[in-house]
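Asker: When you get a sec, could you give me coordinates for this:
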Amino acid sequence: MSAGALAIRGGSLADGTRADVVIIDGVVAAIAENAEIPLDAAVLDASGCIVGPGLVDLHAHLREPGNEAAETVETGSRAAALGGYTAVVAMPNTTPTIDSASVVNLVRQLGERAGLVDVYPAGAITIGREGRQMAPLAEMAALGVRLFTDDGSGVQDNRLMRRALEYASALGVTLAQHCEDSSLSEGGVMHEGAWSSKLGLPGQPAEAEELMVARDIALCRRIGSPVHFLHVSTAGSVELVRRAKADGLPVTAEAAPHHFTLTDACLANYDTVFKVHPPLRTEADRTAVQQGLLDSTIDAIATDHAPHTPETKERSMLDAPPGMLGLETALALALTELSLPMPRLFAVMSSGPARIAQIAERHGELGIGRAANVCVIDPSERWEVDSRKLASKARNTPYAGRVLQGRVRHTVRNGVATVKNGQAQR
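Answerer: From the prediction side, this is the model:
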């Protein structure tokens, strides 16, 4: 797909200003009401829509290489484009792990081949995500990797995490932590609380997350290297991040849609679609995560898109893998469940994530002279989630049958429409 002239006509910006957006050769050339549109421009109708920067997902599991039966970079990219995303950070828990230059290059090439979103591989902090030996961060950083994480496993070794933070500081990269103390969480399949007791299922206590958040805040205070907290899920974690920010520490945090929309009560029927790590928490935790997004304690909404094949998700609660789909529903869930002003919505779903991922030179802002990565949202459209119609290869969405408010009408990446009128173009 090649970029030419493209106009997005009749929409409004996040602040309510009416404006057309004119794009020439992949760059935003004009943003104005009744802007002059080149005669050869393709035109996208944005009547009744909000036009803003393309969304950025800090946390997606695209599964390739190694688990293509659940997802590929191409199918995940298509799901992302339909969800309004123009950039996705691909988590490193693939097979092989993204812990070397060769795998970084492979994932990047797969993203370029798909051509639907910009795919930025995250590198692992430790080799094989095994928590024993630091991965070659400098080698991957030299290729442009800016976010490193052992997502799916927290780095348990305190000394190793300190060394990694010191090294990351010198490289100018950010470490992102899956906060889970395995000595407390091991064997747990849901939140430890009233519902786990009622259901007779082993639980993961909130303290398993909060202890690691507190540890990494202490290390951040000591070293000064940025730390990003993945999918915070407890009221205690939100408060720890809030206090760290008040102290001026360079910490950031993200929340997944399922942690501000669902609770542990959803597991009442032992449905494994609701099994996720960190687990769904209590109503008080859900409310605290929502408040963290409202008051800017939490910097980003990240999908934690985690596709699984039906045969694996249909195992018992003890054996089924954790994870849920998220790319195609995250925006609508935010619009439906959160009372965020539109500028704040784009802050947590575009500019904030772009800043954390260190890709703000291309993503997160709609402005003249900027790369034309654009999301056009129809806030009035109501639609029912149908797992059979999702672009992802997997079907493990916990929102099947739920009616949501707001949907992406168009997505434009580098001046080319990847989604038109709600339909993917590839």
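Asker: For the rest of this, base every contact and every neighbour count on C-alpha atoms.
Answerer: Noted.
Asker: and after whichever strand or helix holds Val43, which helix or strand comes next?
Answerer: Counting by DSSP states H and E, the secondary-structure element that holds Val43 is strand 42-45. For strand 42-45, the following helix or strand on the C-terminal side (DSSP H and E) is strand 50-53.
Asker: Now the strand holding Val43 - C-alpha only, PDB.
Answerer: Taking C-alpha atoms only, strand 42-45 is exported to PDB below (Å, rounded to 0.1, in the frame of the first residue of the first chain):
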ATOM      1  CA  ALA A  42      -9.100   9.900  -1.400                       C
ATOM      2  CA  VAL A  43     -11.700  11.000   1.100                       C
ATOM      3  CA  LEU A  44     -12.800   9.300   4.400                       C
ATOM      4  CA  ASP A  45     -16.100  10.500   5.900                       C
END
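Asker: list the helices and strands the longest helix along the chain packs on?
Answerer: Of all the elements of type helix in the chain, the one with the most residues (DSSP state H) is helix 206-223. If contacts are counted by 3 or more Cα pairs under 8 Å, 6 or more residues apart in numbering; DSSP states H and E, helix 206-223 sits against helix 158-171, helix 182-185, strand 227-229, helix 235-246.
Asker: Could I get the ones you listed in a markdown table, plus columns for mean neighbour count?
Answerer: Shown next, in a markdown table, are those (neighbours: other Cα atoms under 10 Å):
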| stretch | mean neighbour count |
| --- | --- |
| helix 158-171 | 17 |
| helix 182-185 | 16 |
| strand 227-229 | 24 |
| helix 235-246 | 19 |
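Asker: any chance of those in CSV, with distance to Val107 and mean pLDDT too?
Answerer: Written out in CSV, the entries for the helices and strands packed on helix 206-223 read as follows (distance: least, Cα to Cα, whole Å; pLDDT from 0 to 100):
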stretch, distance to Val107, mean pLDDT
helix 158-171, 22, 98
helix 182-185, 29, 96
strand 227-229, 22, 98
helix 235-246, 32, 98
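Asker: among those, which is nearest Asp151?
Answerer: Shortest separation from Asp151 across the helices and strands packed on helix 206-223 is recorded for strand 227-229, at 10.3 Å, computed as Cα to Cα.
Asker: residues in contact with that closest one?
Answerer: Defining contact as Cα atoms under 8 Å, 6 or more residues apart in numbering, one finds that strand 227-229 is touched by 174-179, 213, 216-217, 220, 250-254, 356.
Asker: For these, which single residue is the most surrounded?
Answerer: Sorting the contacts of strand 227-229 by how many neighbours each has (other Cα atoms under 10 Å) puts Glu254 first, at 30 neighbours.
Asker: Assign a three-state SS to that one, would you?
Answerer: Recorded secondary structure, Glu254: strand (DSSP: H, G, I helix; E, B strand; the rest coil).
Asker: ok so, going back, and Thr287, which of the helices and strands packed on helix 206-223 is closest to it?
Answerer: From those, taking Cα to Cα, the stretch that ends up closest is helix 235-246, at 8.1 Å.
Asker: Show me what the closest one is packed against.
Answerer: Counting by 3+ Cα pairs under 8 Å, 6+ apart, helix 235-246 packs on helix 206-223, strand 251-255, helix 283-294.
Asker: quick check, distance from whatever helix or strand comes next after the shortest one to the centre of its chain.
Answerer: It stands for strand 251-255. The C-terminal neighbour of strand 251-255 among helices and strands, as given by DSSP H and E, is helix 257-261. A distance of 12 Å separates the C-alpha centroid of helix 257-261 from that of its chain, computed with Cα atoms, centre = their mean, to the nearest Å.
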